[in-house]
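1. could you work out the structure for the sequence below:
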Amino acid sequence: MPIAIDRLHDDIRSSLRKYNSAFVSPVDIDIAANKAQHDVLDRIILEYESGQERSSADQGLLFLHPFSGADTERALPSNLYKISTVFDGDYEGDILDDRHFNDRLKSFIIPPSSTRPIATVFNDGAAKIRIEPSSTTHKIKYWKMPTDVKYNFTVVDGDIVFSLAGSVNFEFPMSEYTRILNRTLFY
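-> As a prediction, this is how the structure comes out:
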């Protein structure tokens, strides 16, 4: 179940009333919440890559993206936040910087193969990845950019009234609620 934006706003306003008498607009809370969710995603990625949370079912922003055709250069998804892994079929490869990629591409000792592909990310006006050797079964596992949250509201007699229509909830599960709340309060 995703985190509801109205619940976060209610808890933020409650905490602010308790410790501070200043008014913070819903737009300012949204800005802080959007910064917070990027921080929380960075932490989730760090935990995932270190092996702490590899088996968690809460990886709702981690996607497997298959490519079509047999090209080596491929356009990356527009919602990409960070690439986790590159595959040729079911074989995991190495994501390298351009210098190491070129060295491995020319290597006689560890050349790229269908069981050990190599990849590098670059931008030639659009974000792309080059995966060697050429294959029809290239895939990447990547972290999706979180969608910006929005608390849609109207002001009635000086009071803020939440409107579900037009509001955008977090894509994170409830298990991340405390982290998002605390990080939003930090901002």
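2. got the CA positions of the helix or strand encompassing residue 33 in PDB?
-> Per DSSP states H and E, residue 33 falls inside helix 26-49. Extracted C-alpha coordinates of helix 26-49, given in PDB (Å, rounded to 0.1, in the frame of the first residue of the first chain):
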ATOM      1  CA  PRO A  26       1.200  22.700   1.500                       C
ATOM      2  CA  VAL A  27       3.400  23.600  -1.500                       C
ATOM      3  CA  ASP A  28       6.400  23.900   0.800                       C
ATOM      4  CA  ILE A  29       5.600  20.600   2.400                       C
ATOM      5  CA  ASP A  30       5.400  19.000  -1.100                       C
ATOM      6  CA  ILE A  31       8.800  20.500  -2.000                       C
ATOM      7  CA  ALA A  32      10.400  19.000   1.200                       C
ATOM      8  CA  ALA A  33       8.600  15.700   0.600                       C
ATOM      9  CA  ASN A  34       9.900  15.400  -2.900                       C
ATOM     10  CA  LYS A  35      13.500  16.100  -1.700                       C
ATOM     11  CA  ALA A  36      13.000  13.600   1.100                       C
ATOM     12  CA  GLN A  37      11.800  10.800  -1.200                       C
ATOM     13  CA  HIS A  38      15.000  11.100  -3.300                       C
ATOM     14  CA  ASP A  39      17.100  10.800  -0.100                       C
ATOM     15  CA  VAL A  40      15.100   7.800   1.000                       C
ATOM     16  CA  LEU A  41      15.500   6.200  -2.400                       C
ATOM     17  CA  ASP A  42      19.300   6.700  -2.200                       C
ATOM     18  CA  ARG A  43      19.300   5.000   1.100                       C
ATOM     19  CA  ILE A  44      17.200   2.100  -0.200                       C
ATOM     20  CA  ILE A  45      19.600   1.700  -3.100                       C
ATOM     21  CA  LEU A  46      22.600   1.700  -0.800                       C
ATOM     22  CA  GLU A  47      21.000  -1.000   1.400                       C
ATOM     23  CA  TYR A  48      20.100  -3.000  -1.700                       C
ATOM     24  CA  GLU A  49      23.500  -2.800  -3.200                       C
END
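3. list the contacts of that helix.
-> 5, 8-9, 12-13, 53-54, 56, 59, 61-62, 81-82, 84, 143, 146, 148-151, 153, 160, 170, 172, 176, 179-180, 183-187 (Cβ atoms under 8 Å, 6 or more residues apart in numbering). Backbone N, C-alpha and C define where each C-beta goes, glycine included.
4. can you select the buried ones among those residues for me in PyMOL?
-> Command for PyMOL, covering only those of those found buried under the criterion 16 or more other Cβ atoms under 10 Å:
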select buried, resi 5+8+9+12+59+61+62+81+84+143+146+149+150+151+153+170+172+176+179+180+183+184+185
